[in-house]
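3D model of this:
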Amino acid sequence: MRRYACVFLPYWPIERSAARPNGSVARPVVVVASASGGWRIAAVDRRAQNLGVAPGELLADVRARMSALDVREAQPEADQQSLAKLARWAACFSPYVAPWEHGLTFDIEGCAHLFGGEERMARHMRERLSRFGLTARIAVASTIGAAHALCCFGPEEIVVPAGKEEEALSRLPVAALRISEQQATGLTRLGLKRIADVARLPRAPLAQRFGADFVERLDQALGRLPEPFSPLAAPSAYRALATLAEPIAVQEHVINLVRRLAGDLMPALVRDGKGARMLRLTLYRVDGEIRDMTVRLAAASRDAAHIVNLFSLKLDALAEEYDAGFGFEAARLDALECEAMPPAQETLTAQGQEDTLSLLIDRLGSRLGLENVVRLKPEDTHIPERAVVYSSAAPDWSGECDASRPLLMLPCAEPAEVTALVPEGPPRRFRWRGVSYSVAHAEGPERIRPEWWRKQQRPRTRDYYTVEDEAGHRFWLYREMMAGGDAHPRWYVHGVFA
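As a prediction, the model looks like this:
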């Protein structure tokens with residue numbers, strides 16, 4: 001059975017800004033929004049609530065009773081943006097977190113033991129939020145509806161044992177079921193004021209009188225119907241989380257924390273025959289800010305030491321942007337992309353056969369960004385200047401090079417003066433870049449015709465020769481001829497062999 005935690009922030013529109021007027025005594029704060037009949041109260045702080053001000057009242061009526069008010073205009077978009085930011089920080093408690101209008105909802109299945117149990121986890125949540133100046137009410141239950149109702153209408157902190165939801169909800173008002181104000185008013189007029197009054201009533205008459213959505217909310221809260229839960233961001237299948245008793249700020253300590261997380265993450269990858277291709281480290285600062293960094297690997301890996309080294313290089317590269325503030329109190333390591341990685345032979349004969357090229361790419365990518373490390377990828381064409389293109393170094397490095405092509409290909413073929421024994425024969429002497437060369441050996445020709453699907457006004461045919469001069473230098477020359485014959489073909493040097 002899944003377990004959920006709901007956090008209700010009753011004064012969120014006011015406390016999120018932590019702004020108070022100047023003066024020794026703070027006035028009650030209310031947030032107003034334009035509505036029918038004029039400005040109405042949308043939210044109040046604790047002082048205004050204790051003085052009897054309630055959401056929904058007209059601002060004019062409240063001012064008639066008290067003049068000392070700090071009135072602020074509602075900013076619903078900014079409230080939601082700040083709440084989404086808070087939800088991202090709250091992922092240090094559980095990766096399954098979603099914001100709602102006045103708080104957060106967590107799926108804490110498999111997470112509570114990291115904090116010593118559900119009660120300690122709820123207490124830790126409330127303490128951490130109180131450090132941000134936020135008033136929080138927290139409830140833990142086996143259904144989202146029960147946790148939501150209890151955090152809004154129950155005590156500040158409550159943990160309901162599995163299967164005891166109906167008993168815990170029985171004394172709460174029907175408005176706790178996330179129903180409309182009209183539905184709650186209609187139920188109250190009939191004397192159905194508490195959830196216990198409707199929990200055991202036949203569903204068909206309730207649905208006919210108050211709507212099917214009311215019955216659905218009731219059964220979801222009692223665990224008789226499932227309720228979908230959509231977290232803010234889909235968590236990765238492989239992740240490791242660590243919470244710290246004391247914040248850390250020194251980079252060396254962060255690396256040690258990454259080493260611990262990588263050690264926790266690798267066994268799951270080994271178990272499933274997977275290797276990580278992209279990992280993200282998320283660091284949670286004490287003040288609620290988040291620092292994250294991502295490393296990509298050229299080949300799937302589950303070598304913890306190698307991964308730690310990549311994050312160490314990443315931290316070195318981001319040294320100027322690295323800001324620990326008052327320290328990091330939690331961290332999470334996620335394997336965002338994984339590939340199948342069958343077990344490798346680990347006998348004596350297989351030791352030392354690791355792919356050093358992939359390791360080099362990973363190290364360069366950590367400092368420069370993997371997108372900036374490229375390679376030449378063969379293309380399916382016989383035109384030399386289009387035979388290779390720049391491609392990312394991360395994908396598969398499989399591919400064979402044509403040994404008959406020179407290692408150094410000139411960006412543009414350069415004209416050369418060539419002397420041949422016969423017009424269509426191999427060159428015997430040529431002059432290139434002001435230097436004359438005597439040809440000792442020549443191989444060819446290799447005739448390359450233009451691609452027929454590319455429209456050209458004057459298609460040219462090339463005859464390529466590999467020549468070696470008397471000093472042992474090798475060149476790649478070609479003779480260019482127009483279609484239909486050319487009395488004076490032109491020669492070019494296109495590459496140099498090593």
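
Domain boundaries for the chain, per the record?
Annotated domains of the chain cover 78-222, 239-343+353-367, 408-496 [automatic domain parsing].

In CSV: these, plus distance to residue 377 and mean neighbour count.
(Glycine included, C-beta is placed from N, CA and C.) What follows is the domains of the chain, written out as CSV (distance: least, Cβ to Cβ, whole Å; neighbours: other Cβ atoms under 10 Å):
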stretch, distance to residue 377, mean neighbour count
domain 78-222, 37, 18
domain 239-343+353-367, 14, 17
domain 408-496, 14, 14
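
These: which one's closest to residue 46?
When those are compared by Cβ to Cβ, domain 78-222 sits nearest residue 46, at 7.2 Å.

the longest helix in the chain is where?
Within the chain, and with DSSP state H defining each element, the longest helix by residue count is helix 251-272.

list the contacts for residue 268?
residue 238 (Cβ atoms under 8 Å, 6 or more residues apart in numbering).

my bad, residue 119
Residues counted as contacts of residue 119 (Cβ under 8 Å, 6+ apart) are residue 159.

Helix, strand, or coil at it?
With DSSP: H, G, I helix; E, B strand; the rest coil as the basis, the three-state label of residue 119 is helix.

Ok, residue 148 next?
The assignment at residue 148 comes out as helix when based on three-state DSSP.

swap in residue 480?
With three-state DSSP as the criterion, residue 480 was assigned strand.

That one pairs with what?
With DSSP bridges as the criterion, residue 480 is bridged to residue 462, residue 490.

Surely it and residue 488 touch.
No - at 10.6 Å, residue 480 does not count as touching residue 488 under the criterion of Cβ atoms under 8 Å.

and of the domains of the chain, who's closest to residue 37?
If you check each of the domains of the chain against residue 37 by Cβ to Cβ, domain 78-222 wins as the nearest, at 16.0 Å.

gap between residue 295 and residue 340?
Here the distance between residue 295 and residue 340 works out to 20 Å (Cβ to Cβ, to the nearest Å).

which stretches of the stretch 201-350 of the chain form strands?
Assigned by DSSP state E, counting those that start in this stretch, the stretch 201-350 of the chain shows strands spanning 238-248, 274-285, 290-301, 328-340.

Let's have those strands in TSV, adding distance to residue 494.
Supplementary listing: those in TSV, determined by distance: least, Cβ to Cβ, whole Å:
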stretch	distance to residue 494
strand 238-248	49
strand 274-285	38
strand 290-301	31
strand 328-340	39
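
Contact partners for residue 219?
Here residue 219 is in contact with 203, 225 (criterion: Cβ under 8 Å, 6+ apart).

where in this structure is pLDDT low?
Under the criterion of pLDDT under 70, the regions of the chain flagged as low confidence span 18-25, 319-322, 344-355, 393-403, 455-459, 483-487.

which stretches of it form helices?
Ranges of helices in the chain, per DSSP H, are 12-15, 46-50, 59-65, 76-89, 118-131, 144-153, 165-169, 181-189, 195-198, 203-210, 212-222, 251-272, 304-317, 356-368.

wait, which of those helices is closest to residue 238?
Going by Cβ to Cβ, the one of those nearest residue 238 is helix 251-272, 5.3 Å.
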